[in-house]
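In: Quick one, fold the following:
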Amino acid sequence: MAGYNQLFVPGPTNVPESVRQAMNVSMEDMRSPTFPSFTLPLFEDMKKVFKNETGRVFIFPASGTGGWESAMTNVLSPGDKVLMSRFGQFSHLWIDMAERFGMDVDAIDCEWGTGVPVEIYAERLQADKAHQIKAVFCTHNETATGVISDVAAVRAALDTAGHPAMLFVDGVSSIGSIDFRQEEWGVDCAVSGSQKGFMLPAGLGFLSVSQKALAAAKAAKHHRCYFSFDDMIKANDTGYFPYTPATQLLRGLRASLDLIAEEGLENVFTRHHRLAVGVRKAVDAWGLRLCAKEPKWHSDTVSAVLVPEGVDSAAVVRRAHQAYDTSLGVGLSKVAGKVFRIGHLGWLNEVMVCGALSAAEMALLDCDVKLAPGSGVGAAIEYFRLSEKTTLAKAA
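Out: Below is the predicted model of the structure:
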């Protein structure tokens, strides 16, 4: 089919041409004497995206799942009690990993379409007078259901209870796209990956840790090797890695961080919110609903759209791909067949989002969903036009 394949899954996301070109380089010596002049500023600029002023960032040749594993095996010990919640496929997988590592998991099952149950967390923390809970886990952005959770509120619950538990955050589909403040929110371990807001191919796992987490790692008793903090710190402090790094991806990361700095991190957050609102306007105009139960749960990086009863959402995704060369996200686990997902994160703008909406709208119509042709795209266009005019008027 002529033209580009339109990629609107919530990861991997579109790679900017400048980032792609930055990776199109010959292989280099990762032990050369000049390599540290490239890597040391890279570590520092990564900390800026996480807003981590006093801790450090690890960059693994891995995925976000590798970041999860590194955080658990370095900072916690088998048998440690942890407080977690399940409200989507990825929060479920995090719980599964903790159980496999022998943690004593207090898992709170929530309705899919909601997020971290802060009130229940607060009750559990207040009741834990012996401070048996060693870590509290928060999936910041649940990609399967398009739900955002309030990390700052979880920190407030910890502080109100006077509880010393560490705070772990899965920010794979939020960091670099949605407001995240590691230092301010007292996050001890924050995980992300290269293929989302960092606008790279998959292959790098990021873990940003606090000084508290680094101190805890010295006492933790867990077998570790590939993801060892000690090995990484020893090598990273000199600008190198304990094993062969993904040098081309690191070159792409440098270009990606430069793009984020050029736009301004706060402007990146504003852009993502604006594009997400446009998608939500379209969903409303179609007469459909989001999986997220309330506006407070609405994610600015992915929208999971519920299809009408009797319609298979997987058929909508297949139709968009086969007829309109557009990739949308399928429903996962409990919401398989019930939702399709539009990823609106990373390197994209209003016209690109309108393209995703037009393909989704045509696929919905082809699958006999009753809606007015052009209704969703038109609603998004009007929002983008009028909100831009408002912005311009304020600037004038």
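In: Tell me how far the residue nearest the centre of the chain lies from residue 298.
Out: The residue lying closest to the centre of the chain (CA atoms, centre = their mean) is residue 173, at 1.2 Å. The span separating residue 173 from residue 298 equals 14 Å under the rule CB to CB, to the nearest Å. To be clear about C-beta, it is placed using only N, CA and C from the backbone, and glycine gets the same treatment.
In: do the same with residue 46
Out: Distance from residue 46 to residue 298, counting by CB to CB: 28 Å.
In: Tell me which helix or strand the residue nearest to the centre of the chain sits in.
Out: Using DSSP states H and E, residue 173 is not contained in any helix or strand.
In: go on, the one 10 residues further on?
Out: Assignment of secondary structure by DSSP H and E places residue 183 within no helix or strand.
In: Give me the secondary structure label for the residue nearest to residue 118 when sequence neighbours are not counted.
Out: Of all residues beyond its chain neighbours, the one nearest residue 118 is residue 153 (4.6 Å), with distances taken as CB to CB, 6 or more residues apart in numbering. Residue 153 carries the three-state label helix when classified by DSSP: H, G, I helix; E, B strand; the rest coil.
In: any idea of the mean pLDDT for the helix or strand containing residue 377?
Out: Counting by DSSP H and E, the element that carries residue 377 is helix 375-395. Confidence over helix 375-395 (mean pLDDT, whole number) is 83.
In: Next: stretch 321-340.
Out: Per-region confidence: stretch 321-340 scores 97 on mean pLDDT.
In: Format the CA atom coordinates belonging to it as CSV.
Out: Coordinates of each C-alpha in stretch 321-340 appear next as CSV, following Å, rounded to 0.1, in the frame of the first residue of the first chain:
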residue,chain,number,x,y,z
HIS,A,321,-4.8,-2.2,9.7
GLN,A,322,-6.0,-4.1,6.7
ALA,A,323,-8.1,-1.4,5.0
TYR,A,324,-6.4,1.8,6.2
ASP,A,325,-2.8,0.8,7.0
THR,A,326,-3.2,2.1,10.5
SER,A,327,-2.1,0.3,13.7
LEU,A,328,-4.3,0.7,16.7
GLY,A,329,-3.9,-1.1,20.0
VAL,A,330,-5.9,-4.2,20.9
GLY,A,331,-7.7,-4.8,24.2
LEU,A,332,-5.6,-6.9,26.6
SER,A,333,-6.7,-9.6,29.1
LYS,A,334,-10.0,-8.6,30.8
VAL,A,335,-10.8,-6.0,28.2
ALA,A,336,-9.8,-8.1,25.1
GLY,A,337,-12.6,-7.7,22.5
LYS,A,338,-14.1,-4.8,24.5
VAL,A,339,-11.8,-1.9,23.8
PHE,A,340,-9.4,-0.6,21.2
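In: starting at the chain centroid, how far to that stretch?
Out: The chain centroid and the centroid of stretch 321-340 are separated by 19 Å under CA atoms, centre = their mean, to the nearest Å.
In: What are the buried residues along that stretch?
Out: Residues 321, 324, 326-332, 334-335, 338-340 are the ones in stretch 321-340 that count as buried (16 or more other CB atoms under 10 Å).
In: Can you pick out the ones from those that are in helices?
Out: When DSSP state H is applied, the buried residues of stretch 321-340 are split such that 321, 324 fall in helices.
In: Could you single out the nearest of the buried residues of stretch 321-340 to residue 216?
Out: Distances from the buried residues of stretch 321-340 to residue 216 were compared by CB to CB; the smallest belongs to residue 332, at 32.3 Å.
In: so that closest one makes contact with residue 144?
Out: Yes - A contact is recorded between residue 332 and residue 144 when judged using CB atoms under 8 Å, the distance being 4.6 Å.
In: so what's in contact with those two at the same time?
Out: Residues touching both residue 332 and residue 144 (CB atoms under 8 Å, 6 or more residues apart in numbering): 88-89.
In: what's the farthest-apart pair in the buried residues of stretch 321-340?
Out: Using CB to CB, these reach their maximum pairwise distance at 324 and 334, which is 27.4 Å.
In: Let me see the contact set for residue 297.
Out: By CB under 8 Å, 6+ apart, the residues touching residue 297 are 113-115, 147-149.
In: now with 6 Å?
Out: 115, 147 (CB atoms under 6 Å, 6 or more residues apart in numbering).
In: Can you report phi and psi for residue 166?
Out: Dihedral angles of residue 166 (phi, psi; degrees, to the nearest 10) stand at phi -80, psi 160.
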